[in-house]
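Colleague: Fold the following, please.
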Amino acid sequence: MSKWGWAAVGVLTLCLVLTAWRYRLPDVSPADAKGFSSERAMETLKALIPEDSPRPSQSPEHLAMVQRLIDQLEDMGLEVETQLANICAPPELFSTPRCGDVQNVLVHFAGRVEDTILFTAHTDSVPTSPGAGDDGQGVAILVELASKLQRMDTHNSVTILFTDGEERGLLGATAFAEQHPLAQRAKVAVNLEARGQSGLSTLFRTAGEDAWLIALYAQHAKAPFTSSVHQVVFETMPHYTDLSIWQHYGIPGVDFAFIDSPEAYHSMRDTVARLDPRSVQSQGDNALAMLEGLSNADLSNTAAGHAAWFDVLGIAILHWPRDWTPWLCLSWLAIVLGLARRQQQSGALNTQQLMLGIACAVTHLVGSIGVSWLLIKADVPLDQWPKSLIVVGALTLWSLIYARVTPRLSIHAGLLSTSLFLLLLSLPLSLYLPGIAHLFALPTLGVPLAYWLLSRTPAHCATIAALVGLFIAAVLWFPLLEGVRVALGAGALIPTGVGFGLALLWALPLWRPGHPIVQ
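Modeller: Residues are numbered from 1 along each chain as shown. Next up, the predicted model:
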């Protein structure tokens, strides 16, 4: 393998290391910290559910927990309101009727205007789980936020709402939306959830026009973890949170959750002792960031529109109007086609090679999916780290072998055919699933730039462009695939094959023997 082939291996290794670094959890802030402290929140959680027993809505265990919550808030000097209601969930959301009695708890903090921010978490659990993660941690975090609000002077009003009956069909949120007068003043909602006991807190979905919310989160989050891909995936699944109610009644908002250790979800393993305080810290940091951003925002004049977005290794968020996505993909396709035409005119490329390169890209992707299918049959433990590296090794080995047996294309043909293939895939996605189109389109950005900047060294411009494409693709795909691995375990093998198959397309021109400039 040439030095450029080894460079591709180095880029892949670097991106795997960056992905592991990206998933690092924050340190637990002590009780005397000025910001959010998961140490305080964990102490609150232990006091609220001391016995780690299930607390389904309106059960004696649940009513006792709610009373402890009320006592805790009143001991803090807060004026606590309870809302009792008999309610049915909106029939549009569920195929069967969901009705029952609920007892919501809320604390309202008046700001300089009546426009109100809702922060919500639910107090009940399923009958089979103590619910420390789902959603005890959310309740404890909101108690911590209430303590912060006692000392804050905010432009907007804030309501901390602890809902009942979420697990029975979002009943408490429905009761608030339909019957409480404060619901008419609610302009935005932040909901806290969990589907496990550890991992980073992620903004995994939005409700309503979200461009301004993503921009606000990007500005205030310490270590943002989010992607519009999460939103697309969630919308294909039959899951609901209280944010579904706020969306149903026209209140925009965001959902935060952590999802690692999903085997504990809705099980007796979801206890306080097993809950990772670092995940509570991550969730609390996100909630506090949204409070700081929303508390003085102009909620009566928010920007319209939806966004597409993703975070870059937890450092920053790139976001743009979602309606721009088809035009961006189409414009970049035109640029790459123009570059391919120029290479044809210079003799560095011919149409036959370009079409052959696209066929090779398709075959490589199909083969990567096939390798994943074989790994499923072999029962490879993708949900166990570091055994899941077997999958990485198998897919990389497939790409190396494939590069050696495919026809020897010029590096220009391999590079430009990969770019065209990905951009052609991005076009329909930009129309129907614009939240994921960037996974395909963005890695091609470096190709015209490299050809322009390094035009005097054609071999180097193509190899550098391939390495840049590989790096961008891996930075986009690898953290996403790690999240899918955490959420789905062995069920993530096919998505992993797709993601690796697409990312490693950029390495194929460098792994082919000699990768000549002109064949």
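
Colleague: all strands for the stretch 301-450 of the chain, in order.
Modeller: For the stretch 301-450 of the chain, applying DSSP state E, counting those that start in this stretch gives strands covering 307-312, 316-321.

Colleague: May I see the buried residues of the first one?
Modeller: Yep, that's strand 307-312 we're talking about. 307-311 (16 or more other Cβ atoms under 10 Å). Any C-beta I mention is one placed from the backbone N, CA and C, and that applies to glycine too.

Colleague: What of the last one?
Modeller: Residues of strand 316-321 classed as buried by neighbour count (16+ other Cβ under 10 Å): 317, 319, 321.

Colleague: what's the angle from that strand to strand 307-312?
Modeller: Following axes from the mean of the first three to the mean of the last three Cα atoms, to 10 degrees, one obtains 170 degrees for the angle between strand 316-321 and strand 307-312.

Colleague: quick one: contacts of strand 316-321?
Modeller: Residues from elsewhere that reach strand 316-321 (Cβ atoms under 8 Å, 6 or more residues apart in numbering): 211, 214-215, 217-218, 221, 224, 226, 305-312, 328.

Colleague: repeat for the first one
Modeller: Residues outside strand 307-312 that contact it (Cβ under 8 Å, 6+ apart) are 210-211, 214-215, 218, 224-229, 317-322, 325, 434-435, 437-438, 475-476.

Colleague: L200 against Q281, yeah?
Modeller: No: between L200 and Q281 there is no contact under Cβ atoms under 8 Å: 10.1 Å.

Colleague: Now the common contact residues for the two.
Modeller: Taking Cβ under 8 Å, 6+ apart as the criterion, L200 and Q281 both touch L25.

Colleague: Can you give the domain ranges for this protein?
Modeller: The chain breaks down into these domains under automatic domain parsing: 3-21+322-511, 31-314.

Colleague: CSV please, covering these and showing mean pLDDT.
Modeller: Shown next, in CSV, are these (pLDDT from 0 to 100):
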stretch, mean pLDDT
domain 3-21+322-511, 90
domain 31-314, 96
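
Colleague: mind listing the helices for the stretch 351-500 of the chain?
Modeller: Secondary structure of the stretch 351-500 of the chain (DSSP state H, counting those that start in this stretch): helices at 351-377, 389-405, 411-432, 438-441, 446-453, 458-488, 493-503.

Colleague: Which elements pack onto the shortest one?
Modeller: On a contact count with 3 or more Cβ pairs under 8 Å, 6 or more residues apart in numbering; DSSP states H and E, helix 438-441 meets helix 325-346, helix 411-432, helix 458-488.

Colleague: Kindly list the longest strand within this protein.
Modeller: Looking across the chain with DSSP state E, the single longest strand is strand 99-109.

Colleague: Not counting its own residues, what contacts the helix or strand just after that one?
Modeller: Sequence order places strand 116-122 as the next helix or strand after strand 99-109, per DSSP states H and E. With contact meaning Cβ under 8 Å, 6+ apart, strand 116-122 is reached by 108, 135, 138-139, 141-142, 145, 156-167, 172-173, 182, 185-193, 242, 246, 251, 253, 287, 291, 294-295, 299.

Colleague: Can you give the distance of strand 116-122 from its chain's centre?
Modeller: The chain centre lies 21 Å from the centre of strand 116-122; the measure is Cα atoms, centre = their mean, to the nearest Å.

Colleague: Please renumber the chain so that the first residue is 4 from this point on.
Modeller: OK, 4 is where the count begins now, so the last one is strand 119-125.

Colleague: what lines up beside it in the sheet?
Modeller: Partners of strand 119-125 in the sheet, by DSSP bridges, are strand 160-166 (parallel), strand 189-195 (parallel).

Colleague: residues contacting the nearest residue to L430 once chain neighbours are set aside?
Modeller: Among residues not flanking L430 along the chain, C332 sits closest, at 5.4 Å (Cβ to Cβ, 6 or more residues apart in numbering). Contacts for C332 (Cβ under 8 Å, 6+ apart) come out as 426, 429-430, 433, 440, 444.

Colleague: now C332: how far from R58?
Modeller: 49 Å (Cβ to Cβ, to the nearest Å).

Colleague: do L400 as well
Modeller: Using Cβ to Cβ, L400 is found at 50 Å from R58.

Colleague: same check, this time on D263
Modeller: The gap separating D263 from R58 is 23 Å, by Cβ to Cβ.

Colleague: of the two, who's got more company?
Modeller: Neighbours per residue, other Cβ atoms under 10 Å: of D263 and R58, the larger number sits with R58, 26 against 20.

Colleague: That one is in contact with D137, isn't it?
Modeller: No: with contact defined as Cβ under 8 Å, R58 does not reach D137; the gap is 11.4 Å.

Colleague: Next, show the common contact partners of those two.
Modeller: With contacts defined as Cβ under 8 Å, 6+ apart, the residues shared by R58 and D137 are S128.

Colleague: which residue packs closest to L432, ignoring adjacent ones?
Modeller: Leaving out its chain neighbours, the residue that sits closest to L432 by Cβ to Cβ, 6+ apart is A440, at 4.2 Å.

Colleague: same check, this time on A292
Modeller: Using Cβ to Cβ, 6+ apart, the closest residue to A292 is H223 (4.2 Å).

Colleague: Check L508 too.
Modeller: The shortest distance from L508 to any non-neighbouring residue, by Cβ to Cβ, 6+ apart, is to T421 (4.7 Å).

Colleague: Just confirm the one you found contacts P512, I think it does.
Modeller: Yes: contact criterion Cβ under 8 Å: T421 and P512 qualify, at 7.4 Å.

Colleague: got the buried residues for the longest strand of the chain?
Modeller: 103, 105-112.

Colleague: Check stretch 218-226 too.
Modeller: Applying 16+ other Cβ under 10 Å to stretch 218-226 flags 218-221, 223-224, 226 as buried.

Colleague: Restricted to helices, list the residues you listed.
Modeller: 218-221, 223 (DSSP state H).

Colleague: OK, contacts around L508?
Modeller: Neighbouring residues of L508 by Cβ under 8 Å, 6+ apart: 364, 367-368, 421, 424-425, 476.

Colleague: can you rerun that using 10 Å?
Modeller: Counting by Cβ atoms under 10 Å, 6 or more residues apart in numbering, L508 makes contact with 360, 363-365, 367-368, 371, 402, 417-418, 420-422, 424-425, 446, 469, 472-473, 476.

Colleague: Over to I262?
Modeller: If a contact means Cβ under 10 Å, 6+ apart, then I262 has 136, 196-205, 207, 233, 268, 282, 486, 489-491 as its contacts.

Colleague: and if you look at D156?
Modeller: 114-115, 298-299.

Colleague: ok so it is a strand residue?
Modeller: No: judged by DSSP: H, G, I helix; E, B strand; the rest coil, D156 forms no part of a strand; its state is coil.

Colleague: what about it, distance to N299?
Modeller: 9 Å.

Colleague: Quick check: neighbours shared by those two?
Modeller: In contact with both D156 and N299: 114-115, using Cβ under 10 Å, 6+ apart.

Colleague: got the angle for the helix or strand harbouring D258 vs strand 119-125?
Modeller: For D258, the enclosing helix or strand under DSSP H and E is strand 256-260. Counting by the same axes, to 10 degrees, strand 256-260 points 30 degrees away from the direction of strand 119-125.

Colleague: Buried residues in the next helix or strand after strand 256-260, which are they?
Modeller: Per DSSP H and E, strand 256-260 leads on to helix 280-297 as the next helix or strand towards the C-terminus. In terms of neighbour count (16+ other Cβ under 10 Å), helix 280-297 has its buried residues at 280-297.
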